[in-house]
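Enquirer: My questions are about this predicted structure, shown below with the sequence.
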Amino acid sequence: MDHSTMTTPMAMSSTSTAMAMSTSTDGSMSMSSMSFHTSIFDFLFSRRWTPSSRGQYAGTCIFLIVLAVIYRLTHILKHRTERYVNARARQFARNIATAQLQMDENAGSFEKSAGEVTIAPERPLQFRNVRPWRVSMDIPLSLIQLVLSGVAYLLMLAVMTFNVGYFLSVLGGIFLGELLFGRFILNIEGH
C-alpha cells in the first residue's frame, strides 16, 4: 500500500487551510475567516478600502448604514413608481374603453345586457390586464431596478466578509431605512 497517495483528514485540513490563506499587498500571509469575527482591518469591496484605525472602521460602518438606507429608499421608490405607472396605464385603458363605448353608442350598436357578465379564469401563461411596454414607463423602472440590484449586491458583499461590524451596520441601515421611509410604501389609494 502506497502511503503517498492516501488522503488523511489531517492532510485535507492543512490543504483547506492553505487554500484559505492569501497574500496581502505587503507580502505577509493573512487568513480569511469563514466565520463571524470582529477584526477592524477587513477590506471592503477592494484591498484599497482597508480600515487601518478605529476611526476609519467606524467611517466604513457608517458608509454601510447609509448604503443600506439608500437600498430601502430605492426599494420604496421602485414600489411607488410601479404603482404610479400602473395607475396611469389603468386610466389610459379606461379612457380608451370609454371612448370606444361612446363610439358604439353613437353608431347605434350598443346593447345593454340584462344577464350577468362572466369572466373566464385566467390561465397560467395567459397575461390579461398587462400594461403595454412604453419607453416612458419601462426605462425608468428598469433603471431603478438596476440601482436597487447594484446596491443589494454591494451590501451582500459587505456581509460576506463575515465581519460583525459590517453585518450589524447593514442590518442597522435596513432597520433605519424602514423606520424612516417604510410608511411611504403603504397602500393609501383607499384614503
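Expert: That came through fine.

Enquirer: And the nearest residue to Trp49 once chain neighbours are set aside, how close does it get to Gln56?
Expert: Counting by C-beta to C-beta, 6 or more residues apart in numbering, Phe43 is the residue found nearest to Trp49 once chain neighbours are left out, at 5.7 Å. For the C-beta atoms, the positions are set from N, CA and C on the backbone; glycine is no exception. Separation of Phe43 from Gln56 (C-beta to C-beta, to the nearest Å) stands at 11 Å.

Enquirer: now do Trp49
Expert: From Trp49 across to Gln56, the span is 9 Å (C-beta to C-beta).

Enquirer: List the contacts of the helix or strand where Leu157 lies.
Expert: The secondary structure element spanning Leu157 is helix 135-159 (assigned by DSSP states H and E). Judged by C-beta atoms under 8 Å, 6 or more residues apart in numbering, the contacts made with helix 135-159 from elsewhere in the structure are 44-45, 64, 67-68, 70-71, 74-75, 77-78, 81-82, 85, 88-89, 131, 166-167, 169-170.

Enquirer: Tell me how many other residues crowd the nearest residue to Arg54 once chain neighbours are set aside.
Expert: With C-beta to C-beta, 6+ apart as the measure, Ile40 is the residue that lies nearest to Arg54, at 6.1 Å, once sequence neighbours are left out. By the other C-beta atoms under 10 Å criterion, the neighbourhood of Ile40 contains 17 residues.

Enquirer: Ile40 belongs to a helix?
Expert: No: with the criterion set as DSSP: H, G, I helix; E, B strand; the rest coil, the secondary structure at Ile40 is coil rather than a helix.

Enquirer: My understanding was that it contacts Thr50; is that so?
Expert: No: with contact defined as C-beta atoms under 8 Å, Ile40 and Thr50 do not form a contacting pair (9.8 Å).

Enquirer: Please report how far Thr74 lies from Gly177.
Expert: Between Thr74 and Gly177 the computed distance is 9 Å (C-beta to C-beta).

Enquirer: ranges for the strands of the chain?
Expert: Assignment of strands within the chain using DSSP state E yields the ranges 21-23, 29-31.

Enquirer: Could you pull up the residues touching Phe167?
Expert: Contacts were defined as C-beta under 8 Å, 6+ apart; by that measure Phe167 touches 36, 158-159.
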